[in-house]
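Student: Sequence and computational prediction follow.
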Amino acid sequence: MNGRPLVDVRHLKKYFKTPKGMLHAVDDVSFSIDRGETLGLVGESGCGKSTLGRAMIRLLDASGGEVWFDGEDIMKYSDAAMKAMRKRVQIVFQDPYSCLNPRLSVAELIAEPLIVNKIFRTRPEMNARIKELMDTVGLAERLFGVYPHELDGGRRQRIGIARSLALKPEFIVLDEPVSALDVCIQAQILNLLNNLKKEFGYTYVFISHNLSVVKHVSDRIAVMYLGKMVELAGSRTIFQDPLHPYTQALLSAIPLPKVDAVRDRIILEGDVPSPIEPPEGCRFAGRCRHRQERCRTQTPELREIDPGHAVACHFARNLVQGEVKK
Amino acid sequence: MANDRLLLDIRNLSIHYEVEDGTVRAVEGLNLRLGYGETLGFVGETGAGKTTTALGIMRLVPSPPGRVVKGEILFEGEDLLKKSEAEMRSVRGGKIAMIFQDPMTSLNPVITVDRQIAEMVALHQDVNEKEALERAVEMLALVGIRPERAKDYPHQFSGGMKQRVVIAIALACDPALLIADEPTTALDVTIQAQVLELMKELKRKLNTSMIMITHDLGIVAETCDKVAIMYAGRVVEYAEKRRLFLNPVHPYTQGLFNSLPELDEEQEELKTIPGLMPDPTDLPPGCPFHPRCGYAGPQCATESPAMVEVEPGHLVACPVRARKGDKP
């Protein structure tokens, strides 16, 4: 079938039970990703971006909703079907210091997914594949037998990427893959991810709180706030024409490494409110400088304002240069 | 520059850590100057020696394994390295205050925030308990925390509010120098914007000199007057902010700028600096950056580069680039 998205997330919810009530980590989020596309997922701590990344590949059990992968709803899959499915979807985690077993060598770490899935029958075949993967992610062959503690953060992250590529997946969730790295190493890893995508046609979800990084790698960007997706658009559009007041504030808050950068900074008042039993209405209303009565009572849906540009704000079309047009 | 106009003048400072694998030369022959009322951005990657330098100024380098090998740290004309421990105790928190990266761990969880500020005031000023607590509430107001929250405990505050409390403690005794070690790294970007705005405003009000340690050139662009770029324990470039941002001369500084993804331009590929930071126990001879440097010539592997003035007040530790002038 042509034109069918590779991943189609519909009304996905993930709630956590806490002593104070239900924590709405991801609350009724819908979007789709085309084959070969990179979707950037941005937002601040606690906005639900990592939970969404995990729930959509069933590393967390969702509280509701559907995730269609290549035409099938994987939420309905049995454990056995899901295990086979896991070869096609992979994840790379943020912290290359804690996600690798310190007692396994580089080769053993990369071999793990191959062994679990019984891909090769002989050791030499598997070693050849491990060396091929190490070459793909830019790890020198001499590192075959070394342990992660001997390596810097960038090389460890390369191991994490090699592990995720081992089973030739189609879809990879990258959860803050460069956040723990220094800028020079970060640039190397971003280039690697872009080159891999060009070579193998992967589809990525790239989760990060760093907007300039997300912009660099993404085709489209989704902005999350307190469990909700508030804006979704092409990556250039988000930066040039942000429509949601939260997106506008978020963009204006990034310190630019430039002198003479002239811009109006929107300083948000207060902090992100609690995601436990959130009230009706727009979740951003309490900090929004444009809020109206209606924002407190009616939850805005994510709706398309321009082709390919969706915003969850009652007044998105009417926010002109920071003022609400009546 | 006349010396009496300098608040801080670090000369030829070296700090080493003796570890099992050898000697870590965390800071090596560092020179740095800070005038009254100035904010200096102190930029470098993990392991460049930024925090060690700051701890050196505070005389808080853990010893062992750390040791100040040589150098002078002149603060208001007096060498801090020659002061007794008792004298240093009155400098710390009094004349020089420090803000640490993680506000979650730098507050005492079982003491209310007003008491934590009052503790500092009582230590350095001749006040009774009531006056110290009053001063604490004043300080909280200054950083935007309402008086009714003075009796709250740290866990009742969010990350951004905790960092405000930490700033209030640091400024409570009206220090001449504030060292902020990655003060917003643990915060989200919208909260970071609030805290940076607050720090800028307080600086204007109190005219405190500041050293802002950060790895984020965006924060430097926003808050600093001067910038020092550190690599492998040395300052490799030092200039007024505008000059450094518009005309970075040292190859490492250029590499650092190039590896940042731009927000307002499309880039196919990010330019990267080849290779990795050198092993601090085994620094390459000559210029520590030469194995990764596109400009390096044979002399770079043997001669340790001195700081050369390429334009007024713009110092670069790279004779090759300094000779070539501004344009590569």
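Tutor: Ah, there it is.
Student: Give me the neighbour count for the residue in the stretch 151-300 of chain B positioned nearest to chain A.
Tutor: For the stretch 151-300 of chain B and chain A, the shortest gap (C-beta to the nearest C-beta) falls at residue B:218, measuring 3.1 Å. Where C-beta positions appear, they are placed from N, C-alpha and C, glycine not excepted. By the other C-beta atoms under 10 Å in any protein chain shown criterion, the neighbourhood of residue B:218 contains 20 residues.
Student: go on, the one 10 residues further on?
Tutor: Residue B:228 sits with 27 neighbouring residues when counted by other C-beta under 10 Å.
Student: Just to check, it is in contact with residue B:43?
Tutor: Yes: applying C-beta atoms under 8 Å, one finds residue B:228 in contact with residue B:43, separated by 7.0 Å.
Student: Tell me where the stretch 201-326 of chain A has helices.
Tutor: Taking DSSP state H, counting those that start in this stretch, the helices of the stretch 201-326 of chain A run over residues A:211-217, A:235-240, A:245-253, A:293-297.
Student: same deal with chain B?
Tutor: For chain B, applying DSSP state H gives helices covering B:50-57, B:85-91, B:113-124, B:129-142, B:159-171, B:189-206, B:217-223, B:241-246, B:251-258, B:319-324.
Student: Switch these over to TSV; also include mean pLDDT and distance to residue A:96.
Tutor: Conversion of these to TSV gives the following (pLDDT from 0 to 100; distance: least, C-beta to C-beta, whole Å):
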stretch	mean pLDDT	distance to residue A:96
helix B:50-57	92	22
helix B:85-91	91	39
helix B:113-124	92	36
helix B:129-142	92	40
helix B:159-171	89	24
helix B:189-206	88	23
helix B:217-223	92	24
helix B:241-246	94	31
helix B:251-258	93	21
helix B:319-324	82	34
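Student: among those helices, which is nearest residue A:205?
Tutor: Distances from residue A:205 to each of these were compared by C-beta to C-beta, and the smallest falls on helix B:189-206, at 20.3 Å.
Student: Mind listing residues that contact the closest one?
Tutor: A:44, A:209, A:211, A:249-250, A:252-255, A:265, A:267-268, A:271, B:39, B:142-144, B:158-160, B:163-164, B:167, B:171, B:174, B:180, B:183-184, B:187, B:208, B:210, B:219, B:222-223 (C-beta atoms under 8 Å, 6 or more residues apart in numbering or on different chains).
Student: could you flag which of these are buried?
Tutor: Of all the contacts of helix B:189-206 considered here, the ones buried according to neighbour count by 16 or more other C-beta atoms under 10 Å in any protein chain shown are A:44, A:209, A:211, A:249-250, A:252-255, A:268, A:271, B:39, B:142-144, B:159-160, B:163-164, B:167, B:171, B:180, B:183-184, B:187, B:208, B:210, B:219, B:222-223.
Student: how about the residue of the stretch 1-150 of chain B found nearest chain A, what does it touch?
Tutor: With C-beta to the nearest C-beta, the shortest gap between the stretch 1-150 of chain B and chain A falls at residue B:45, namely 4.1 Å. Taking C-beta under 8 Å, 6+ apart as the contact definition, residue B:45 lies against A:182-184, B:215, B:231, B:277.
Student: before we move on, the earlier item: adding distance to residue A:105, write the helices of chain B out as a markdown table.
Tutor: Shown next, in a markdown table, are these (distance: least, C-beta to C-beta, whole Å):
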| stretch | distance to residue A:105 |
| --- | --- |
| helix B:50-57 | 32 |
| helix B:85-91 | 47 |
| helix B:113-124 | 47 |
| helix B:129-142 | 53 |
| helix B:159-171 | 38 |
| helix B:189-206 | 38 |
| helix B:217-223 | 37 |
| helix B:241-246 | 43 |
| helix B:251-258 | 32 |
| helix B:319-324 | 41 |
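Student: do you know which of those lies nearest residue B:291?
Tutor: Put simply, out of the helices of chain B the one that sits nearest residue B:291 is helix B:251-258, at 11.7 Å, with distance taken as C-beta to C-beta.
Student: and the closest one, how far from the chain's centre?
Tutor: Here helix B:251-258 is found 19 Å from its chain centre; the criterion is C-alpha atoms, centre = their mean, to the nearest Å.
Student: Say whether chain A is contacted by it.
Tutor: Yes: part of helix B:251-258 sits near chain A under the criterion C-beta under 8 Å from any C-beta of the partner chain, namely B:255-258.
Student: From the contact counts, what lies against that helix?
Tutor: Using 3 or more C-beta pairs under 8 Å, 6 or more residues apart in numbering or on different chains; DSSP states H and E, the elements in contact with helix B:251-258 are helix A:183-200, strand B:226-231, strand B:234-240.
Student: could I have the longest one exported to PDB, CA atoms only?
Tutor: Included here for helix A:183-200 are C-alpha records, laid out as PDB according to Å, rounded to 0.1, in the frame of the first residue of the first chain:
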ATOM      1  CA  VAL A 183      29.300  19.500  22.000                       C
ATOM      2  CA  CYS A 184      32.200  18.200  19.800                       C
ATOM      3  CA  ILE A 185      31.300  14.600  20.500                       C
ATOM      4  CA  GLN A 186      27.600  15.400  20.100                       C
ATOM      5  CA  ALA A 187      28.300  16.700  16.600                       C
ATOM      6  CA  GLN A 188      30.100  13.500  15.700                       C
ATOM      7  CA  ILE A 189      27.200  11.400  16.900                       C
ATOM      8  CA  LEU A 190      24.600  13.600  15.100                       C
ATOM      9  CA  ASN A 191      26.500  13.200  11.800                       C
ATOM     10  CA  LEU A 192      26.700   9.400  12.300                       C
ATOM     11  CA  LEU A 193      22.900   9.200  12.900                       C
ATOM     12  CA  ASN A 194      22.300  11.300   9.700                       C
ATOM     13  CA  ASN A 195      24.600   9.200   7.600                       C
ATOM     14  CA  LEU A 196      23.100   5.900   8.900                       C
ATOM     15  CA  LYS A 197      19.700   7.200   7.900                       C
ATOM     16  CA  LYS A 198      20.800   8.100   4.500                       C
ATOM     17  CA  GLU A 199      22.500   4.800   4.000                       C
ATOM     18  CA  PHE A 200      19.900   2.500   5.400                       C
END
